[in-house]
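Participant: Could you look at this predicted model? Sequence included:
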Amino acid sequence: MELDPLLLSRIQFAFVVSFHAIFPVFTIGLAAYIAVLEALYFRSNDPVYEKLSKFWIKVFAVVFGMGVVSGIVMAFQFGTNWSNFSFAAANFLGPVLSYEVVTAFFLEATFLGVLLFGRDKVPRGVHLFAACMVAVGTFISSFWILSANSWLHTPAGVELRDGLFHVTSWAQAIFNPSLPYRFAHMALASFITGGFVVAGVSALYLLQGRNRNTSLRALKMSIIMLAVATPLQLVVGDLHGLNTFEHQPAKVAAMEGLWETTEGAPLLLFAIPDSAAETNHLEIAIPNLASLILTHSLDGEVIGLTDFAPEDRPPVGVVFWSFRLMVGLGMIFIAISLLAAFQLWRGKLEQSPLILRALTWMIPLPFIAVLAGWFVTDIGRQPWMVYGLMRTSEALTPSLSGWMALTSLIGYILVYAVVFGAGLYYLRRIVAAGPDPLTARGPESSARAKRPWSAVSQPLDEPSPGTARS
Amino acid sequence: MELIDLTLIWIGIIGLGVFMYVLMDGFDLGVGILFPFAPDDRSRDAMMNSVAPVWDGNETWLILGGAGLLAAFPLVYAVFLPALYLGVFLLLAGLIFRGIAFEFRFKAPAGSRHWWDRSFNIGSTVAAFAQGAVVGAYIQGFETEGFVYVGGALDWLTPFTVMTGLGVVAGYALLGVTWTILKTEGTTRDWAYRLAPWLLAAVMGFFVIVSLWTPMASEHVRGRWFDNITALWIFPVLTVITAAAVWRWLRRRVDALPFVGSMALFALFYMGLLISMWPYAVPPDHTFWDAASDPGSQLFLLLGVLFLIPIILGYTAWTYWVFRGKVQADVGYH
């Protein structure tokens, strides 16, 4: 069988970028939370904030470490597998990615060292400053990378001469039409992801009856934030969708599973899209709703996939279903957040074991929603690398053979399996040990002050984490 | 626009970035290369502690190198990476395994910690070797048609690049061992002092071999060194003098100077390489000027970089200051 380097490279890119994306989406939200905790501690001297911050910094260190190592891979993927694209788009992409490095990566990496290991080596204000710099760095970083990504969807400010993109307006290219929506959508997604992880872990401790003080405080903070962020995300997501409808109608047609251009298009709740027959099977639909959402009119026109030549259409099934998965999860997030906020307002959240349990189940779901969202937008961009200007098939490295791509793909899968397996295992240990030294830790908490070994020096040889050691 | 040669400025900036990376990640990769030879676990703890707060910032220079090449010299990015495809994978896999070892090693139960020691060691060694092979491949040159690499998957792997790979492993180990001398005390430092002269000798051995081999491997390099510009020979002479000074400082046990001297050695090797290859970015056909991006793009990034690099160097220096002094090796763990 002939190995197709294009398909293998696409699978590899999807794999390494998905694996990478789950870390920053969590650390952006968590970095902001840690900065808030440090600021509250700085102002109030309340040890609960210090305990919480120290605990979440440990989680942050592990997740950030995995994000860093998988991020280094991303810096080279464009060159190894997509060298034609890199060469053609370098005039825009190169400066944007370089600005990400010099404005964000150095800031994050350098101040992370101080945040993790410097608590006893620098004044408290400086430590707080380091926490803020890490949080700001994660945001600056996401701005640049989303600018680069958005430009692939809505290229602007460039002209194509002799196969190379030349920038004609940096402002238009960087602040291209889909950037504001994508950035807002992603920033909220990061807060929601971080919020659900903090809420879920806190709920877990309350169910287990330990770390009560810290957990109640963390739960309250995260639920209030989630109750605002999750409904807001629905609004931002809708605006993002309208922006996509304007610039990339083929993607929206795939998201809606709409084949024929229709006035008064229905919203499909369920369907099995069939690309060969250009139709759907087993449709369950709400009449006119898609038109209402996209055009704000019951009989507005929505463009269908058959308006585009078959070779210009994205894969329909995966886009259609990823979109439903993302939206469905979003609805669950809103429901749980509002319910928990209502119980919090009544002062009964701690006595609601069902909601607490549900919150613990939420922990993996925002990650799935985020990946599903990226699948929608980037598979929906196909078959274009740069929408309307450069096809993915033209972007591939010419010298890349099938076996080379397969070798590296298998390699990355094996390497990431080890990284992810070990990382998850250690994260579970950190969570099992908990934030409260009175219930969870022995003498090493005082010893750590003198030993900047690792940001995460959990007790190592205890028979069962969480039991007192003396 | 033509008043200033932006490409020349960018050669300087990328050159500085790569050199910063080589020095800074060089010593922390070197610590990883030496890891299994350390006298005991306590020494290993101390060695790892000495680089834990700074390794992440150090590796960021590599990302700057990658992104900066894409911005200023896209041809280098679009030829080197496809040509070195499998080598790049090895480099990245190595960096991943050593990077995660920092966090995981101290959290692993005692029974499984040795796996992360191994991960740190093998990852560091493979990454160092791959970087050395990249240097060798650069000297060797790349088969291109127009602006596209057309050579094979393993063209980069030759006896010459294996030699440069091993040379960089030895060089990083020297940086690592002199860093260890600087940052530790007691038995760890004694061990490092015993090891350092051997590594210095090995590095100088590789220097001689590569220096003799390179003119044979590349006609261009031969011309550079043996046609009329005799002033260039000051560099090998300075290299030998610096090596002798490091040797002396090791004998007299001056903690700080061997590291400084080793960095100076690297600077001299680096100058020698640039002189040899100038003005080629993708030898044998393309110069830096052929490889450059649009002047508008170079200028747009230059404005930010000239402002930001001094700030980055400033706060980087500050963190090294925060974590200055000897690592507390003997504070008990249990």
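Facilitator: Okay, I see it.
Participant: Quick one: residues contacting the nearest residue to residue A:299 once chain neighbours are set aside.
Facilitator: Excluding the flanking residues, the one nearest residue A:299 by Cβ to Cβ, 6 or more residues apart in numbering or on different chains is residue A:264, at 4.1 Å. In short, each C-beta sits where N, CA and C put it, glycine included. By Cβ atoms under 8 Å, 6 or more residues apart in numbering or on different chains, the contact set of residue A:264 is A:287, A:288, A:291, A:298, A:299, A:300.
Participant: Name the spans of the chain whose pLDDT lies under the cut-off.
Facilitator: Chain wasn't specified; assuming chain A. Where chain A drops to pLDDT under 70, the residues are A:1, A:436-470.
Participant: wrong one, chain B
Facilitator: Scanning chain B for pLDDT under 70 picks out the ranges B:1-3, B:228, B:328-334.
Participant: Please identify which helix or strand holds residue A:355.
Facilitator: Assigned by DSSP states H and E, residue A:355 belongs to helix A:353-362.
Participant: Could you give me the buried positions within that helix?
Facilitator: Going by neighbour count (16 or more other Cβ atoms under 10 Å in any protein chain shown), the buried part of helix A:353-362 is A:355, A:356, A:358, A:359, A:360, A:362.
Participant: can you pull the contacts of the nearest residue to the first one once chain neighbours are set aside?
Facilitator: Setting aside the residues directly before and after it, residue A:355 is nearest to residue A:340 in space (Cβ to Cβ, 6+ apart), at 5.3 Å. Remark: with contacts taken as Cβ under 8 Å, 6+ apart, residue A:340 is in contact with A:199, A:223, A:226, A:227, A:349, A:352, A:355, A:359.
Participant: how about a cut-off of 7 Å?
Facilitator: Going by Cβ atoms under 7 Å, 6 or more residues apart in numbering or on different chains, residue A:340 touches A:223, A:349, A:355, A:359.
Participant: Can you give the contact residues for the helix or strand hosting residue B:67?
Facilitator: Here residue B:67 sits within helix B:55-72, counting by DSSP H and E. Applying Cβ under 7 Å, 6+ apart, the contact partners of helix B:55-72 are A:68, A:72, A:75-76, A:86, A:90, A:93-95, A:97-98, A:101-102, A:105-106, A:109-110, A:112-113, B:10, B:13-14, B:17-18, B:20-21, B:24-25, B:28, B:76-77, B:95, B:102, B:292-293, B:297-298, B:301, B:316, B:319.
Participant: ok, how many other residues are close to residue A:267?
Facilitator: Look at residue A:267: counted by other Cβ atoms under 10 Å in any protein chain shown, it has 18 neighbours.
Participant: Show the backbone phi and psi for it.
Facilitator: phi -100, psi 120 (degrees, to the nearest 10).
Participant: Quick check, it in contact with residue A:286.
Facilitator: Yes - counting by Cβ atoms under 7 Å, residue A:267 does reach residue A:286; the two are 4.7 Å apart.
Participant: host element of residue 75?
Facilitator: The chain I'm using is chain A. helix A:47-81.
Participant: Chain B, not that one
Facilitator: helix B:74-83.
Participant: quick one: is that helix near chain A?
Facilitator: Yes - residues of helix B:74-83 are located near chain A by Cβ under 7 Å from any Cβ of the partner chain, namely B:74, B:75, B:77, B:78, B:81, B:82.
Participant: What is the neighbour count of the second one?
Facilitator: By other Cβ under 10 Å, the residues close to residue B:75 number 25.
Participant: Please name the nearest non-neighbouring residue to it.
Facilitator: Residue B:75's closest residue in space is residue B:291 (Cβ to Cβ, 6+ apart), at 3.6 Å.
Participant: for the first one, same thing?
Facilitator: In space, and not counting its chain neighbours, residue B:74 is closest to residue A:90: 3.3 Å by Cβ to Cβ, 6+ apart.
Participant: Let me know how buried that neighbour is, in neighbour terms.
Facilitator: The tally of other residues near residue A:90 (other Cβ under 10 Å) stands at 27.
Participant: Now it: which helix or strand?
Facilitator: Element membership for residue A:90, per DSSP H and E: helix A:83-100.
Participant: That helix - contacts with which helices or strands?
Facilitator: helix A:47-81, helix A:124-153, strand A:164-167, helix A:392-395, helix B:55-72, helix B:74-83, helix B:295-322 (3 or more Cβ pairs under 7 Å, 6 or more residues apart in numbering or on different chains; DSSP states H and E).
Participant: Look at the closest residue to residue B:275 other than its chain neighbours and say how many residues are nearby.
Facilitator: In space, residue B:275 comes closest to residue B:232 once its chain neighbours are excluded; the distance is 5.9 Å by Cβ to Cβ, 6+ apart. Neighbourhood size, residue B:232 [other Cβ under 10 Å]: 15.
Participant: The stretch 101-250 of chain A: strands as residue ranges?
Facilitator: With DSSP state E, counting those that start in this stretch as the criterion, the stretch 101-250 of chain A has strands at A:158-161, A:164-167.
Participant: okay, those strands, which one's buried deepest?
Facilitator: strand A:164-167 (a mean of 20; mean count of other Cβ atoms under 10 Å in any protein chain shown).
Participant: CA-only coordinates of that one in CSV, if you can.
Facilitator: Extracted C-alpha coordinates of strand A:164-167, given in CSV (Å, rounded to 0.1, in the frame of the first residue of the first chain):
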residue,chain,number,x,y,z
LEU,A,164,4.8,34.2,-1.9
PHE,A,165,2.7,36.2,0.5
HIS,A,166,3.8,39.7,1.0
VAL,A,167,2.4,41.8,3.8
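Participant: who's in contact with that strand?
Facilitator: Residues outside strand A:164-167 that contact it (Cβ under 7 Å, 6+ apart): A:88, A:89, A:91, A:92, A:157, A:158, A:159, A:173, B:294, B:296, B:297.
Participant: try 8 Å this time
Facilitator: By Cβ under 8 Å, 6+ apart, strand A:164-167 touches A:87-92, A:155, A:157-160, A:173, A:386, A:389, B:294, B:296-297, B:300.
Participant: hmm, which of those are the buried ones?
Facilitator: The neighbour count (16+ other Cβ under 10 Å) marks A:87-92, A:155, A:157-158, A:173, A:386, B:294, B:296-297, B:300 as buried among the contacts of strand A:164-167.
Participant: And what about residue A:276, helix, strand or coil?
Facilitator: coil (DSSP: H, G, I helix; E, B strand; the rest coil).
Participant: again with residue B:281
Facilitator: Here residue B:281 is recorded as strand under three-state DSSP.
Participant: Now residue B:5: phi and psi?
Facilitator: Main-chain torsions, residue B:5, degrees, to the nearest 10: phi -90, psi 100.
Participant: remind me, longest helix of the chain?
Facilitator: Let's take chain A. In chain A, assigned by DSSP state H, the helix with the most residues is helix A:5-44.
Participant: looking at chain B here, not the other one
Facilitator: helix B:186-217.
Participant: Please enumerate the helices of the stretch 1-150 of chain B.
Facilitator: Assigned helices in the stretch 1-150 of chain B, in chain order: B:6-34, B:41-51, B:55-72, B:74-83, B:85-105, B:113-140 (criterion: DSSP state H, counting those that start in this stretch).
Participant: picking that back up, nearest to chain B, of the buried residues of helix A:353-362?
Facilitator: Taking Cβ to the nearest Cβ as the measure, chain B sits nearest to residue A:360 out of the buried residues of helix A:353-362, at 22.8 Å.
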